[in-house]
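[1] Fold the following.
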Amino acid sequence: MANYIDQVKKEGKIGSKPLLVLNGEMITYDALKKCDLVLFRKDIDSVQGIFQKEDEGALHIYGEAGRNGVLLIAVKKHKMVCD
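    Model prediction:
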């Protein structure tokens, strides 16, 4: 997942601190930096969409948290481990 996020960043579709919406739960980029999000390729149902940075739809739905872009992801299971 990290490789995919890096690729989308390089393409300029999202900013340096995108919002991740995982199964409807918002996870900020700063939270991702503090925690380990474990996703296995086989558990990813879909990358449902990308709101590009500064997209009016992202800003309307997610507020300022969506300013740097939003990745909508559906997974069967995941684990987030925070210290």
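
[2] Any figure for the gap between the residue lying closest to V70 once chain neighbours are set aside and G57?
    What sits nearest to V70 in space, not counting adjacent residues and going by C-beta to C-beta, 6 or more residues apart in numbering, is F51, at 4.1 Å. In this view, the C-beta of every residue, glycine as well, is placed from N, C-alpha and C. For F51, the distance to G57 (C-beta to C-beta, to the nearest Å) stands at 6 Å.

[3] Quick check: pLDDT value at K34.
    pLDDT for K34: 79.

[4] Bridged to the closest residue to it other than its chain neighbours, which residues?
    In space, not counting the residues next to it along the chain, K34 is nearest to C82; the distance is 6.0 Å by C-beta to C-beta, 6+ apart. Beta bridges link C82 to C35 when assigned by DSSP bridges.

[5] low-scoring stretches of the chain, by residue?
    Along the chain, segments meeting pLDDT under 70 span 1-2, 40-49, 77-81, 83.

[6] wait, the residue nearest to V70 sits on A65?
    No - at 10.9 Å, F51 does not count as touching A65 under the criterion of C-beta atoms under 8 Å.

[7] So what's the residue count around L32?
    When neighbours are defined as other C-beta atoms under 10 Å, L32 has 19 of them.

[8] Ignoring the adjacent residues along the chain, who's closest to it?
    L20 (6.6 Å).

[9] same for the helix or strand harbouring that neighbour, what does it pack against?
    Using DSSP states H and E, L20 sits in strand 19-22. In terms of contacts (3 or more C-beta pairs under 8 Å, 6 or more residues apart in numbering; DSSP states H and E), strand 19-22 is packed against strand 25-27, helix 29-34, helix 56-62, strand 70-75.

[10] Pick the most deeply packed of those.
    Each of those was scored by mean neighbour count; the highest is strand 70-75, a mean of 19, by mean count of other C-beta atoms under 10 Å.

[11] Pull the distance from that one to the chain's centre.
    6 Å (C-alpha atoms, centre = their mean, to the nearest Å).

[12] so who does the residue nearest the centre of the chain touch?
    Against the mean C-alpha coordinate of the chain, by C-alpha atoms, centre = their mean, the closest residue is L20 at 2.2 Å. Going by C-beta atoms under 8 Å, 6 or more residues apart in numbering, L20 touches I5, M26, I27, T28, Y29, L32, L37, V70, L71, I73.
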